[in-house]
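Enquirer: based on what follows, work out the 3D shape:
(one chain, ligands or ions: 1)
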Amino acid sequence: ELMDEVMGISHLEEQIKQKLKIKKVIIVPGNSDDNKAVIKDIGKSTYKYLMSILKDNVIIGVTGGNTMFEFAQCLPEFKKEKNILVVPARGGLGREVEIQSNTIAATVGKKLCGSYRLLHVPDNVGKDIMESLMSEPDINTTLEYIKNVNILIFGIGKSEDMAERRKMDLEGIRLINSRGAVGEAFGHYFNRNGEKVYETSTIGITVEDFKSIENAIGIAGGSKKAEAIIAISKVKKDLVLITDQGAANKILELI
Ligand code: BG6
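Expert: Reported below is the predicted structural model:
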(Lines give C-alpha, C1' and ligand atoms only; values in the text may rest on other atoms or scores of the structure.)
Protein backbone atom coordinates (compact mmCIF):
# COMPACT_ATOMS: atom_id res chain seq x y z
CA GLU A 1 0.00 0.00 0.00
CA LEU A 2 2.86 2.33 0.85
CA MET A 3 4.38 1.46 -2.51
CA ASP A 4 1.13 2.41 -4.27
CA GLU A 5 1.13 5.73 -2.50
CA VAL A 6 4.76 6.41 -3.46
CA MET A 7 4.00 5.52 -7.09
CA GLY A 8 0.87 7.66 -7.02
CA ILE A 9 2.79 10.65 -5.73
CA SER A 10 5.61 10.40 -8.24
CA HIS A 11 3.04 10.17 -11.03
CA LEU A 12 1.31 13.25 -9.66
CA GLU A 13 4.66 15.08 -9.47
CA GLU A 14 5.29 14.36 -13.13
CA GLN A 15 1.79 15.46 -14.13
CA ILE A 16 2.01 18.75 -12.24
CA LYS A 17 5.47 19.44 -13.61
CA GLN A 18 4.12 19.04 -17.14
CA LYS A 19 1.00 21.11 -16.49
CA LEU A 20 2.91 23.96 -14.90
CA LYS A 21 5.84 23.60 -17.32
CA ILE A 22 8.42 24.11 -14.58
CA LYS A 23 11.74 22.48 -13.66
CA LYS A 24 10.80 20.25 -10.78
CA VAL A 25 7.87 19.39 -8.52
CA ILE A 26 8.01 17.66 -5.15
CA ILE A 27 4.74 16.68 -3.48
CA VAL A 28 4.11 15.60 0.10
CA PRO A 29 0.98 13.61 1.03
CA GLY A 30 -2.06 15.40 2.48
CA ASN A 31 -3.59 18.85 2.29
CA SER A 32 -2.24 21.72 4.44
CA ASP A 33 -5.70 23.33 4.43
CA ASP A 34 -7.10 20.47 6.52
CA ASN A 35 -4.02 19.43 8.41
CA LYS A 36 -1.40 21.90 9.55
CA ALA A 37 1.12 19.10 10.10
CA VAL A 38 1.43 18.81 6.32
CA ILE A 39 3.21 22.21 6.28
CA LYS A 40 5.91 20.68 8.46
CA ASP A 41 6.38 17.94 5.85
CA ILE A 42 6.76 20.59 3.16
CA GLY A 43 9.43 22.13 5.39
CA LYS A 44 11.25 18.81 5.70
CA SER A 45 11.09 18.14 1.97
CA THR A 46 12.50 21.60 1.37
CA TYR A 47 15.40 20.84 3.67
CA LYS A 48 16.06 17.56 1.83
CA TYR A 49 15.97 19.26 -1.55
CA LEU A 50 18.20 22.07 -0.33
CA MET A 51 20.78 19.52 0.80
CA SER A 52 20.85 18.07 -2.70
CA ILE A 53 21.84 21.40 -4.28
CA LEU A 54 23.72 23.20 -1.50
CA LYS A 55 27.34 24.11 -2.15
CA ASP A 56 29.87 26.17 -0.22
CA ASN A 57 30.05 29.96 -0.64
CA VAL A 58 26.45 30.64 -1.57
CA ILE A 59 23.95 33.36 -0.81
CA ILE A 60 20.51 32.12 0.17
CA GLY A 61 17.49 34.43 0.06
CA VAL A 62 14.41 33.69 2.16
CA THR A 63 10.95 35.18 2.61
CA GLY A 64 8.62 35.05 5.58
CA GLY A 65 5.41 33.15 6.17
CA ASN A 66 4.27 30.07 8.05
CA THR A 67 5.61 27.62 5.49
CA MET A 68 9.05 29.25 5.58
CA PHE A 69 8.86 29.23 9.38
CA GLU A 70 8.35 25.45 9.39
CA PHE A 71 11.24 25.01 6.98
CA ALA A 72 13.51 27.06 9.27
CA GLN A 73 12.34 25.09 12.33
CA CYS A 74 13.09 21.70 10.83
CA LEU A 75 16.66 22.54 9.82
CA PRO A 76 19.25 20.73 11.93
CA GLU A 77 22.24 22.68 13.25
CA PHE A 78 25.19 22.41 10.91
CA LYS A 79 28.52 21.86 12.60
CA LYS A 80 30.74 22.85 9.73
CA GLU A 81 31.08 26.32 8.29
CA LYS A 82 30.28 26.40 4.56
CA ASN A 83 30.50 30.16 4.12
CA ILE A 84 26.79 30.56 3.59
CA LEU A 85 25.14 33.97 3.78
CA VAL A 86 21.40 34.24 4.31
CA VAL A 87 19.46 37.39 3.44
CA PRO A 88 15.77 38.25 3.59
CA ALA A 89 14.42 38.65 0.06
CA ARG A 90 12.53 41.79 0.99
CA GLY A 91 12.37 44.10 3.97
CA GLY A 92 9.47 44.51 6.32
CA LEU A 93 6.27 42.83 5.20
CA GLY A 94 4.02 42.16 8.10
CA ARG A 95 3.65 42.77 11.77
CA GLU A 96 4.14 39.27 13.02
CA VAL A 97 7.80 39.16 13.99
CA GLU A 98 8.00 35.35 14.28
CA ILE A 99 7.22 34.73 10.64
CA GLN A 100 8.97 37.76 9.14
CA SER A 101 11.68 37.23 6.58
CA ASN A 102 14.27 38.85 8.87
CA THR A 103 13.56 36.36 11.63
CA ILE A 104 13.63 33.43 9.20
CA ALA A 105 16.92 34.68 7.69
CA ALA A 106 18.51 34.82 11.14
CA THR A 107 17.31 31.31 12.07
CA VAL A 108 18.40 29.77 8.78
CA GLY A 109 21.75 31.59 8.80
CA LYS A 110 22.55 30.39 12.32
CA LYS A 111 21.42 26.83 11.72
CA LEU A 112 23.49 26.50 8.55
CA CYS A 113 26.51 27.66 10.57
CA GLY A 114 26.75 30.67 8.31
CA SER A 115 26.00 34.34 8.62
CA TYR A 116 23.00 36.52 7.91
CA ARG A 117 22.12 40.11 7.19
CA LEU A 118 18.87 41.82 8.06
CA LEU A 119 16.87 44.35 6.14
CA HIS A 120 15.17 46.73 8.53
CA VAL A 121 12.75 48.61 6.35
CA PRO A 122 9.26 49.47 7.52
CA ASP A 123 6.29 48.59 5.32
CA ASN A 124 4.40 51.20 3.36
CA VAL A 125 6.58 54.24 3.96
CA GLY A 126 6.67 57.04 1.41
CA LYS A 127 8.82 57.04 -1.70
CA ASP A 128 11.23 59.69 -0.38
CA ILE A 129 11.98 57.78 2.80
CA MET A 130 12.38 54.60 0.80
CA GLU A 131 14.90 56.22 -1.50
CA SER A 132 16.98 57.64 1.30
CA LEU A 133 16.92 54.29 3.08
CA MET A 134 18.22 52.61 -0.05
CA SER A 135 21.21 54.91 -0.09
CA GLU A 136 22.18 53.92 3.46
CA PRO A 137 25.45 51.95 3.11
CA ASP A 138 24.33 49.03 5.26
CA ILE A 139 21.00 48.64 3.47
CA ASN A 140 22.67 49.15 0.14
CA THR A 141 25.14 46.33 0.81
CA THR A 142 22.31 44.00 1.78
CA LEU A 143 20.46 44.91 -1.42
CA GLU A 144 23.58 44.02 -3.41
CA TYR A 145 23.61 40.58 -1.78
CA ILE A 146 19.92 40.16 -2.55
CA LYS A 147 20.65 40.88 -6.20
CA ASN A 148 23.21 38.08 -6.13
CA VAL A 149 21.21 35.37 -4.41
CA ASN A 150 22.11 31.87 -5.66
CA ILE A 151 19.22 30.08 -3.99
CA LEU A 152 15.88 31.65 -3.15
CA ILE A 153 13.45 29.80 -0.93
CA PHE A 154 10.10 31.55 -0.81
CA GLY A 155 6.48 31.18 0.26
CA ILE A 156 3.54 31.64 -2.07
CA GLY A 157 0.26 33.07 -0.85
CA LYS A 158 -3.29 33.50 -2.06
CA SER A 159 -3.54 37.22 -2.80
CA GLU A 160 -6.68 37.83 -0.72
CA ASP A 161 -5.16 36.13 2.30
CA MET A 162 -1.93 38.06 1.99
CA ALA A 163 -3.72 41.39 1.53
CA GLU A 164 -5.68 40.67 4.68
CA ARG A 165 -2.61 39.58 6.62
CA ARG A 166 -0.86 42.78 5.62
CA LYS A 167 -3.89 44.88 6.61
CA MET A 168 -4.28 46.34 3.14
CA ASP A 169 -7.02 48.98 3.10
CA LEU A 170 -10.29 48.51 1.21
CA GLU A 171 -9.13 50.70 -1.63
CA GLY A 172 -6.01 48.58 -2.11
CA ILE A 173 -8.01 45.36 -1.98
CA ARG A 174 -10.42 46.70 -4.61
CA LEU A 175 -7.48 47.71 -6.78
CA ILE A 176 -5.72 44.35 -6.72
CA ASN A 177 -9.03 42.52 -7.26
CA SER A 178 -9.88 44.70 -10.23
CA ARG A 179 -6.50 43.85 -11.69
CA GLY A 180 -7.13 40.14 -11.26
CA ALA A 181 -4.57 39.38 -8.55
CA VAL A 182 -4.62 35.73 -7.52
CA GLY A 183 -1.20 35.01 -6.08
CA GLU A 184 1.45 36.70 -4.01
CA ALA A 185 5.15 36.11 -3.51
CA PHE A 186 7.86 38.31 -1.92
CA GLY A 187 5.52 41.28 -1.70
CA HIS A 188 4.44 41.13 -5.35
CA TYR A 189 0.90 40.31 -6.45
CA PHE A 190 0.39 38.45 -9.71
CA ASN A 191 -2.59 37.76 -11.97
CA ARG A 192 -3.43 34.42 -13.61
CA ASN A 193 -0.92 35.06 -16.38
CA GLY A 194 1.90 35.67 -13.97
CA GLU A 195 1.93 39.41 -14.64
CA LYS A 196 2.75 41.66 -11.71
CA VAL A 197 -0.30 43.76 -10.88
CA TYR A 198 0.77 45.31 -7.60
CA GLU A 199 3.81 45.61 -5.36
CA THR A 200 3.98 46.45 -1.66
CA SER A 201 6.13 49.47 -1.04
CA THR A 202 9.25 48.05 0.47
CA ILE A 203 12.67 47.26 -0.89
CA GLY A 204 14.37 44.04 -1.89
CA ILE A 205 14.02 41.48 -4.63
CA THR A 206 12.35 42.53 -7.89
CA VAL A 207 10.58 40.35 -10.45
CA GLU A 208 13.57 40.81 -12.75
CA ASP A 209 15.96 39.59 -10.03
CA PHE A 210 13.65 36.66 -9.40
CA LYS A 211 13.68 35.62 -13.04
CA SER A 212 17.44 35.43 -13.14
CA ILE A 213 17.97 33.41 -9.93
CA GLU A 214 19.59 30.06 -10.58
CA ASN A 215 17.69 28.09 -7.94
CA ALA A 216 14.27 29.38 -6.96
CA ILE A 217 12.32 27.08 -4.68
CA GLY A 218 8.67 27.97 -4.08
CA ILE A 219 7.12 26.26 -1.07
CA ALA A 220 3.35 26.29 -0.62
CA GLY A 221 0.62 23.77 0.09
CA GLY A 222 -3.14 23.57 0.48
CA SER A 223 -5.76 23.46 -2.25
CA LYS A 224 -6.68 27.10 -1.73
CA LYS A 225 -3.21 28.10 -2.95
CA ALA A 226 -3.58 26.28 -6.30
CA GLU A 227 -4.37 29.40 -8.34
CA ALA A 228 -1.54 31.31 -6.70
CA ILE A 229 0.90 28.50 -7.50
CA ILE A 230 -0.23 28.45 -11.14
CA ALA A 231 0.33 32.22 -11.36
CA ILE A 232 3.85 32.10 -9.90
CA SER A 233 4.78 29.19 -12.18
CA LYS A 234 4.10 31.47 -15.14
CA VAL A 235 6.69 33.95 -13.91
CA LYS A 236 9.62 31.57 -13.86
CA LYS A 237 9.93 28.43 -15.93
CA ASP A 238 12.90 26.96 -14.05
CA LEU A 239 11.03 27.07 -10.76
CA VAL A 240 11.22 24.22 -8.28
CA LEU A 241 7.90 23.75 -6.48
CA ILE A 242 7.50 21.93 -3.19
CA THR A 243 3.83 21.45 -2.44
CA ASP A 244 1.23 18.97 -1.18
CA GLN A 245 -1.41 16.66 -2.66
CA GLY A 246 -4.21 19.09 -1.80
CA ALA A 247 -2.71 21.83 -3.98
CA ALA A 248 -1.65 19.36 -6.68
CA ASN A 249 -5.13 17.86 -7.10
CA LYS A 250 -6.66 21.32 -7.29
CA ILE A 251 -4.11 22.38 -9.92
CA LEU A 252 -5.16 19.38 -12.01
CA GLU A 253 -8.77 20.51 -11.78
CA LEU A 254 -7.88 24.02 -12.87
CA ILE A 255 -5.58 23.30 -15.81
C1 BG6 B 1 4.96 35.82 3.26
C2 BG6 B 1 5.82 36.00 2.09
O3 BG6 B 1 5.65 36.11 4.41
O4 BG6 B 1 4.47 34.49 3.22
C5 BG6 B 1 4.94 35.87 0.94
O6 BG6 B 1 6.45 37.27 2.07
C7 BG6 B 1 4.23 34.53 0.89
O8 BG6 B 1 5.66 36.12 -0.21
C9 BG6 B 1 3.59 34.23 2.18
O10 BG6 B 1 3.25 34.56 -0.10
C11 BG6 B 1 3.03 32.82 2.34
O12 BG6 B 1 2.72 32.64 3.68
P13 BG6 B 1 2.25 31.30 4.36
O14 BG6 B 1 2.03 31.70 5.78
O15 BG6 B 1 0.98 30.91 3.69
O16 BG6 B 1 3.33 30.30 4.19
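
Enquirer: and the residue in the chain that the ligand sits nearest to, what does it touch?
Expert: As assessed by CB to the nearest ligand atom, the ligand sits closest to residue 65 within the chain, at 2.4 Å. For every residue, glycine as well, the C-beta is placed using N, CA and C. Shown in contact with residue 65 (CB atoms under 8 Å, 6 or more residues apart in numbering): 99, 155, 157.

Enquirer: which one (most neighbours) among the residues you listed?
Expert: Highest neighbour count within those: residue 155, with 26 neighbours (other CB atoms under 10 Å).

Enquirer: who's in contact with the helix or strand containing residue 61?
Expert: Using DSSP states H and E, the element containing residue 61 is strand 59-62. Applying CB under 8 Å, 6+ apart, the contact partners of strand 59-62 are 68, 72, 84-89, 101, 104-105, 108, 112, 145-146, 148-154, 205, 213.

Enquirer: show me which of those are buried.
Expert: 68, 72, 84-89, 101, 104-105, 108, 112, 146, 149-154, 205, 213 (16 or more other CB atoms under 10 Å).

Enquirer: residue ranges with poor pLDDT in the chain?
Expert: Where the chain drops to pLDDT under 70, the residues are 1, 92-95.

Enquirer: buried ones in stretch 61-74?
Expert: Within stretch 61-74, the residues scored as buried using 16+ other CB under 10 Å are 61-72, 74.

Enquirer: which residues in this protein form helices?
Expert: 2-20, 37-53, 66-74, 101-111, 127-134, 137-147, 159-165, 170-178, 207-212, 226-235, 245-254 (DSSP state H).

Enquirer: what angle separates the fourth one from helix 66-74?
Expert: Just to be clear, that refers to helix 101-111. Going by axes from the mean of the first three to the mean of the last three CA atoms, to 10 degrees, helix 101-111 is angled at 20 degrees with respect to helix 66-74.

Enquirer: partner residues bridging the most centrally placed residue in the chain?
Expert: Nearest residue to the geometric centre of the chain (CA atoms, centre = their mean): residue 154, 1.6 Å. Assessed by DSSP bridges, residue 154 has beta-bridge partners residue 218.

Enquirer: residue numbers of the chain in contact with the ligand?
Expert: 63-67, 93, 154-157, 162, 184-186 (CB under 6 Å from any ligand atom).

Enquirer: mind running it again at 8 Å?
Expert: Proximity of the chain to the ligand, by CB under 8 Å from any ligand atom, involves residues 39, 63-69, 89-90, 93-94, 99-101, 154-158, 161-162, 165, 183-188, 219-220, 222, 225, 228.

Enquirer: what's the distance between residue 155 and residue 80?
Expert: 28 Å (CB to CB, to the nearest Å).

Enquirer: ugh, wrong one, residue 13
Expert: 32 Å.

Enquirer: which of these two has more neighbours?
Expert: Neighbour totals were compared for residue 13 and residue 80, and residue 13 leads with 17 against 7 (other CB under 10 Å).
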